[in-house]
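Chemist: Sequence plus predicted model, see below.
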Amino acid sequence: MTQPYKLETLAIHAGQKPDPTTGAVTMPIYQTSTFVLDGPSRDETKGYIYSRPGNPTRAALEANLAALEGAAYGLAFASGMAAIDAVTRLLHPGDHLLVTDDVYGGMFRLVENVIKQAGIDVTWLDMADLDSVRQAIRPNTKMAWLETPTNPRLKVMDIADLAELAHAHNILLAVDNTFATPVLQQPLALGADIVVHSATKYLGGHSDLVLGAVMLNDDALYEKLAMLQFSAGAVAGPYDSWLLMRGIKTLPLRVERHCQNAMALAEWLTEQPAVAQVNYPGLSDHPQHDLAKRQMRDFGGMISMIPKGGFEAARQIVTRTKLFVLAVSLGGVESLAELPAGMTHASMAESDLAIDPALIRLSVGVEHIDDLKADLAQAMAGLS
């Protein structure tokens, strides 16, 4: 969907016209569950009925979300996982789903405990390897699911090539764009069918809400997903919708600083004697660095690293940092550190997709870069 304005302008204005009743510049919070009807049947009412099928604050957010991704439609859900669940409900028993082998632990848990139990066949594979994807396709393959960059190893997938391959076999391509955000990457423009976000993360940006989002262009798919949203009821509430719109207004500004800090920190980490490996798409030795340069506008605010001393060294680092708070989640203005193997990705521990216990994931915030370097330096003191 072509937009008349740049993303920085859309983030502030899309879907957010002044309130027609009061003239309020900021979208009001319509904190109501029900609305006065024009008559006793749905056909007689042109406006809102009940806040599960629709609420003015959520509608403004959904228009804003669609504009960010250059989409015709946006849908706001109660969480990122609720958004993912809705998309995977497009599949039916006997269908086959391809999923990249480096994903958020919640996605792994959903696949193993819910999606497979619904009679859907699943293949985990490295979707950075196009030949592996081509070989994994079956006659009943209906959807391919990927994150790019991935969580937590920061792999980058070629969305355009995967979309071309998927569409040649009538397969839907769904992309989790949480790490990149629409500021850095717009998968629909590269050929993806559906984009999903944990809006809890960078879109909100302040670690004060839990929401999910789906953006897409296809009319028929939208109707199906809107019906799932309405029927299952995992909708975004009006207050959280308002909070998210407030966060989105500064999204381009925040992402620019996240990227600057992460690039500087990744380069600095490669020089530290206590560090064995740094994963960041902006580094020239990253396996998909050239692809990231081509596909993304910048390289994002997420880094993962492995210290030389293994798990004990990693544990020391994440428990001694002061600015990098030990916590799950990511994408907020404050820096966070975690060990995914025992935290966000603990559900994978007994699987072939288990994360190295020594891998540290850093969500690089917008603090001063000198302070962030000093914090990690003191946390790594004594390690080599």
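Modeler: Done, it's in.
Chemist: residues contacting the residue nearest to Ala213 when sequence neighbours are not counted?
Modeler: Spatially, and ignoring its direct neighbours in sequence, Ala213 is nearest to His197 (4.4 Å; CB to CB, 6 or more residues apart in numbering). The way it works is simple: take the backbone N, C-alpha and C, and place the C-beta from them, glycine included. For His197, the contact set (CB atoms under 8 Å, 6 or more residues apart in numbering) comprises Leu65, Gly80, Ala83, Asp176, Asn177, Thr178, Thr181, Leu203, Gly212, Ala213, Val214, Met215.
Chemist: please redo it, this time with the cut-off set to 7 Å
Modeler: By CB atoms under 7 Å, 6 or more residues apart in numbering, the contact set of His197 is Gly80, Asn177, Thr178, Leu203, Gly212, Ala213.
Chemist: Show me the shaky parts of the stretch 1-150 of the chain.
Modeler: Where the stretch 1-150 of the chain drops to pLDDT under 70, the residues are 1-3.
Chemist: about what we covered before: keep only those of the contacts of His197 that are in strands.
Modeler: If you go by DSSP state E, these have Gly212, Ala213 in strands.
Chemist: could you dump the contacts of His197 to CSV with distance to Gln260?
Modeler: Output for those, formatted as CSV (distance: CB to CB, whole Å):
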residue, distance to Gln260
Gly80, 26
Asn177, 20
Thr178, 20
Leu203, 19
Gly212, 28
Ala213, 25
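Chemist: So which of the contacts of His197 is surrounded by the most neighbours?
Modeler: Counting neighbours by other CB atoms under 10 Å, the top entry in the contacts of His197 is Leu203, with 30 neighbours.
Chemist: That one contacts Ile248, correct?
Modeler: Yes: between Leu203 and Ile248 there is a contact under CB atoms under 7 Å: 5.8 Å.
Chemist: in a strand, that's where the residue nearest to Ala213 is, yeah?
Modeler: Yes: assessed by DSSP: H, G, I helix; E, B strand; the rest coil, His197 belongs to a strand.
Chemist: Against Gln135, how distant is it?
Modeler: Note on His197: its distance to Gln135, by CB to CB, to the nearest Å, is 30 Å.
Chemist: cool, and Leu10?
Modeler: Using CB to CB, Leu10 is found at 40 Å from Gln135.
Chemist: Tell me which of the two has more neighbours.
Modeler: For Leu10 versus Gln135, the count of surrounding residues by other CB under 10 Å is larger for Leu10: 23 against 9.
Chemist: Which helix or which strand is home to the closest residue in space to the more buried one that isn't next to it in sequence?
Modeler: In this structure, Leu10 finds its nearest non-sequential neighbour in Ala67, 4.4 Å apart by CB to CB, 6+ apart. Following DSSP states H and E, one finds Ala67 within helix 56-68.
Chemist: Now do the same for the residue lying closest to Leu68 once chain neighbours are set aside: its pLDDT.
Modeler: Using CB to CB, 6+ apart and skipping the chain neighbours, the partner closest in space to Leu68 is Pro182 (4.1 Å). Per-residue confidence (pLDDT) for Pro182: 98.
Chemist: Now for Pro182, which secondary structure element holds it?
Modeler: Per DSSP H and E, Pro182 falls inside helix 181-184.
Chemist: who does that helix touch, helix- and strand-wise?
Modeler: helix 251-270 (3 or more CB pairs under 7 Å, 6 or more residues apart in numbering; DSSP states H and E).
Chemist: Need the contact partners of the following helix or strand past the helix it packs on.
Modeler: Downstream of helix 251-270, the next assigned helix or strand under DSSP H and E is strand 275-279. Contact partners of strand 275-279, identified using CB under 7 Å, 6+ apart, comprise Arg153, Leu154, Ala266, Leu269, Thr270, Ile303, Ser304, Met305, Ile306, Pro307, Lys308.
Chemist: now strand 275-279: how far from the chain's centre is it?
Modeler: The chain centroid and the centroid of strand 275-279 are separated by 24 Å under CA atoms, centre = their mean, to the nearest Å.
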